[in-house]
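In: Based on what follows, work out the 3D shape:
(2 chains)
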Amino acid sequence: MTSHGPKPRIAVITFPGSNDDRDAALALDGLGAEPVPVWHADDQLPEVAAVVLPGGFSYGDYLRAGALARFAPVMDAVKALAAGGGLVLGICNGFQVLCEAGLLPGALRPNHSLSFVCRDVPLTVERTDTPFTARCVKGQRLSIPVKHGEGCFFAGPDLLSELEAAGQVVLRYEGESPNGSVAGIAGVVNAEGNVMGLMPHPEHAVDTLIGSGSTDGALLLGSLVDAARVAAVEHAAV
Amino acid sequence: MRATVLVRPKPGILDPQGEAVLGSLKQLGFAVGDARVGRVVDLELENGDREQARAELERMCEQLLANPLIESYEIELSEDP
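Out: Numbering: from 1, shown residues only, chains lettered A, B, ... in the order given. Reported below is the predicted structural model:
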């Protein structure tokens, strides 16, 4: 694992009902970043090179998952950061929030099975030229856990072909999707490539002692840490 | 003024809740061909002007009450009793 230069600071936002914020912070710390906890009611972000929106059930998933969190005061700052090319990663509930906020295309619907799915799933990496997958190899198979009730990615036919043509599908479930996602989509990026959302939890797959022992999540979060380090150095040079 | 907003999964969007309800109704012996599950939001508005209230309700639906990508909505306005 490479780690040169100073630790990049990465904000991890806690909404009421977030529950993977500390796991995300721990994983980022282990990968050489300095996680900075940020409360949803803060109306600005501290000096950070990237933002992670963690998993959980923000605002109780009331109305629709992610629908209320997108109006949290901190989200204006997250939108501004993303608009300026800043790195934003949404995991599970964070993905739902980013879709509801319009920072990512599509929507997440209840799983086809209506069951809460909690298990390791095999994923295929479709793109490695993103700040979130640079440590992977194209076509690489990853094993990362999902745990969600509303992870069925939906995009209508037009939007779907647009996403496929633009290469915005970054991760796909291998074999049968655990939630009924259209085209087996597990993770997407925005058109600019600086905002990504995914349903699987990379922060739960960074330690051989936990779960099935897969550390494939470290490839994704490690990529983010690498990109954040470069962004921090560039920012400091300006 | 009171308003009721009905939010429904758009046609063509798979509705697992509706399918589960349909399955249970059939199991109970009811002859049901299809079931879709949506959401009802009852609101009490402070705005007394019908046209303004309707425009405001449209904005509420677009911004929060429905996700236009996957849900349709219907607005019903009623006078105070």
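
In: give the contact list for residue A:154.
Out: Residue A:154 sits next to A:106-109, A:181-182, B:13, B:69-70 when contact means Cβ atoms under 8 Å, 6 or more residues apart in numbering or on different chains. (C-beta placed from N, C-alpha, C; glycine too.)

In: Next one: it from residue B:36, what distance?
Out: 16 Å (Cβ to Cβ, to the nearest Å).

In: Same question for residue A:204.
Out: For residue A:204, the distance to residue B:36 - Cβ to Cβ - is 35 Å.

In: cool, residue A:97 as well?
Out: Remark: distance between residue A:97 and residue B:36 (Cβ to Cβ) = 26 Å.

In: Now do the buried residues in stretch A:98-109.
Out: Applying a neighbour-count criterion of 16 or more other Cβ atoms under 10 Å in any protein chain shown, the buried positions in stretch A:98-109 are A:98-101, A:103-109.

In: Could you save these as CSV and add columns showing secondary structure, distance to residue A:21 and pLDDT?
Out: Below are these laid out as CSV (DSSP: H, G, I helix; E, B strand; the rest coil; distance: Cβ to Cβ, whole Å; pLDDT from 0 to 100):
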residue, secondary structure, distance to residue A:21, pLDDT
A:98, helix, 16, 98
A:99, helix, 19, 98
A:100, helix, 18, 96
A:101, coil, 18, 96
A:103, coil, 19, 98
A:104, coil, 20, 98
A:105, coil, 25, 98
A:106, coil, 24, 97
A:107, strand, 23, 97
A:108, strand, 19, 97
A:109, strand, 24, 95
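
In: ok, those residues vs chain B, which is closest?
Out: Nearest to chain B among the buried residues of stretch A:98-109 is residue A:107, at 4.9 Å by Cβ to the nearest Cβ.

In: Who are the contact partners of that closest one?
Out: Contact analysis of residue A:107 by Cβ under 8 Å, 6+ apart lists A:99-100, A:153-155, B:67, B:69-70.

In: How confident was the prediction at residue 49?
Out: I'll assume chain A. We have a pLDDT of 96 for residue A:49.

In: Not quite, go with chain B.
Out: So residue B:49 comes in at 90 (pLDDT).

In: okay, the contacts of residue A:154 in TSV with distance to residue A:93 next?
Out: Output for the contacts of residue A:154, formatted as TSV (distance: Cβ to Cβ, whole Å):
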residue	distance to residue A:93
A:106	15
A:107	14
A:108	9
A:109	14
A:181	16
A:182	20
B:13	21
B:69	18
B:70	17
